[in-house]
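Q: here is my input; please provide its structure:
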Amino acid sequence: MAVNFFEGRKPPETIGEHLERCGVSRRQFLEFCAALMVAAPAGLALTSKARASEVARAVAKARRPSVIWLNFQDCTGCTETLLRTATPDIAELILNLISLDYHETLMAAAGKQAEEALQAAVKENAGKFVLVVEGAIPRKGNGMYMKLAGKPGLQVLDEVGSQAAAIIAIGSCASWGGIPSAAPNPTDAVGVDALIKNKPIINIPGCPPNPYNLLGTVLQYATAGTLPELDALKRPKFAYDWHIHDHCPRRAHFDAGQFARSFGDAGHRQGWCLYHLGCKGPVTHAGCSTRHFNDIPDVWPIGIGSPCVGCTEQEVLWRVPMFQTVKIHEATPPDTYAPVFTPQGHVSAVATGVAGLIGGALIGAGFMASKKLGSGDDTESESKPKKE
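A: A predicted model of the protein is given here:
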């Protein structure tokens with residue numbers, strides 16, 4: 001059931017008011033909304049027929065959501081993907097759409113000032129801010145393997161998370177533990193939902209995830225006061241609704257049985273399917289093949305000739321060896337298509353016979369057609385319409 005987080009509270013500044021005050025042009029905003037419609041249409045709780053101007057109006061009327069961003073066991077890659085956009089204007093616009101009230105990687109304050117800023121942001125926005133968690137949280141030894149301002153990360157997450165309206169675990173590390181939790185997992189690293197049970201939690205896995213997945217989720221919260229529909233792994237369905245394999249630009253080569261067998265071979269250079277090099281696309285739920293990172297089509301693993309590593313799947317990333325193939329849950333090309341190349345050498349009698357039958361039929365059909373054309377008897381074909 002949808003919950004309106006704004007009920008009974010004084011709303012903050014609208015996104016439109018803030019953009020106008022910061023000098024963001026309408027053209028910039030419309031271009032951003034057009035890109036957002038492609039990347040996260042359902043995340044905005046709008047119909048697929050909505051236009052960019054309609055999306056812009058809905059977003060502009062919304063209140064800027066307060067976002068507090070905590071970092072734990074991470075590489076800050078998820079922060080980087082939010083900032084390393086196609087143009088600086090888009091990165092600036094992202095920070096204008098949300099009120100990023102605390103982020104230790106981006107803020108100028110440090111030490112005591114940073115801690116005071118965190119406490120002030122939590123107190124001022126208690127019960128209505130979105131907590132974004134980046135990185136896994138170590139549990140071993142009561143959290144002794146990571147401390148923030150002298151406190152175990154476990155304690156910081158509990159103190160801040162208990163005051164949040166909702167929690168977004170961005171990246172695979174925050175979603176289920178990611179790289180830090182790979183065997184033998186010396187710090188007993190886990191994701192957010194293994195620790196917090198009484199708050200709405202949205203997992204946005206990826207290493208790193210597409211920044212539009214985060215924005216679509218946050219802006220639905222801002223425009224409607226609700227959160228997107230989730231799958232069984234608490235991922236937004238609008239962002240993880242199909243396998244990469246379903247819309248992969250190399251899918252035609254898969255269907256034709258054309259596979260690269262080693263890096264740099266002829267098939268690899270021609271852009272053939274990377275399945276036999278360990279591509280995890282057939283089992284990976286993500287929109288990388290159609291919802292491009294930072295509006296650049298080829299900036300993703302398969303786009304640059306590298307197999308998908310399955311970074312959005314808990315049972316794949318760092319659990320299945322990188323170059324090991326995965327099971328395909330459908331007919332494989334050799335089951336339904338003839339191979340593209342046949343071994344040179346002996347040709348069977350059956351193959352020869354079949355080829356002879358086909359060749360004879362073609363020759364006979366050609367002879368009859370030429371005889372008919374030679375007689376000039378084509379009145380019937382001209383007078384009668386062709387059947388579809």
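Q: only C-alpha atoms from now on, for both contacts and neighbour counts.
A: Fine.
Q: low-scoring stretches of the stretch 151-300 of the chain, by residue?
A: Scanning the stretch 151-300 of the chain for pLDDT under 70 picks out the ranges 294-295, 297.
Q: quick one: the helices in it?
A: Residue ranges of the helices in the stretch 151-300 of the chain, as given by DSSP state H, counting those that start in this stretch, are 153-161, 172-176, 211-224, 251-255, 266-269.
Q: following the host helix or strand of Asn96, which helix or strand comes up?
A: Element membership for Asn96 (DSSP states H and E) is helix 88-97. Next in sequence after helix 88-97, counting helices and strands by DSSP H and E, comes strand 99-103.
Q: hmm, back to that, out of the helices of the stretch 151-300 of the chain, which is closest to Val67?
A: For Val67, the closest of the helices of the stretch 151-300 of the chain is helix 211-224, at 8.9 Å, according to CA to CA.
Q: so what does that closest one touch, helix or strand wise?
A: When contacts are defined as 3 or more CA pairs under 8 Å, 6 or more residues apart in numbering; DSSP states H and E, helix 211-224 packs onto helix 26-39, helix 52-61.
Q: out of those, which gets nearest to Ala166?
A: Closest among those, once you apply CA to CA, is helix 52-61, at 19.4 Å.
Q: buried deepest among the helices of the stretch 151-300 of the chain, which one?
A: Mean neighbours per residue, mean count of other CA atoms under 10 Å, is largest over the helices of the stretch 151-300 of the chain for helix 172-176, with a mean of 29.
Q: hmm, who's touching it?
A: In this structure, residues lying in contact with helix 172-176 by CA atoms under 8 Å, 6 or more residues apart in numbering are 73-74, 133-137, 169, 178-181, 190-194, 203-208, 311-312, 314.
Q: and stretch 272-287, by the same measure?
A: So stretch 272-287 is contacted by 239-246, 250-251, 253-254, 258-263, 268, 302, 305-313, 322-329 (CA under 8 Å, 6+ apart).
Q: what comes up buried for it?
A: Across stretch 272-287, burial judged by 16 or more other CA atoms under 10 Å covers 272-287.
Q: how is the protein carved up into domains?
A: As given by automatic domain parsing, the domain ranges for the chain are 15-224, 242-340.
Q: make TSV out of these and add distance to Leu233.
A: Converted to TSV, the domains of the chain look like this (distance: least, CA to CA, whole Å):
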stretch	distance to Leu233
domain 15-224	7
domain 242-340	9
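Q: tell me who's in contact with Leu19.
A: Per CA under 8 Å, 6+ apart, neighbours of Leu19: 25, 96-97.
Q: any idea how far Cys248 is from Asn198?
A: 38 Å (CA to CA, to the nearest Å).
Q: so between these two, which is more surrounded?
A: Set Asn198 next to Cys248 and count neighbours by other CA atoms under 10 Å: Cys248 wins out with 20 against 10.
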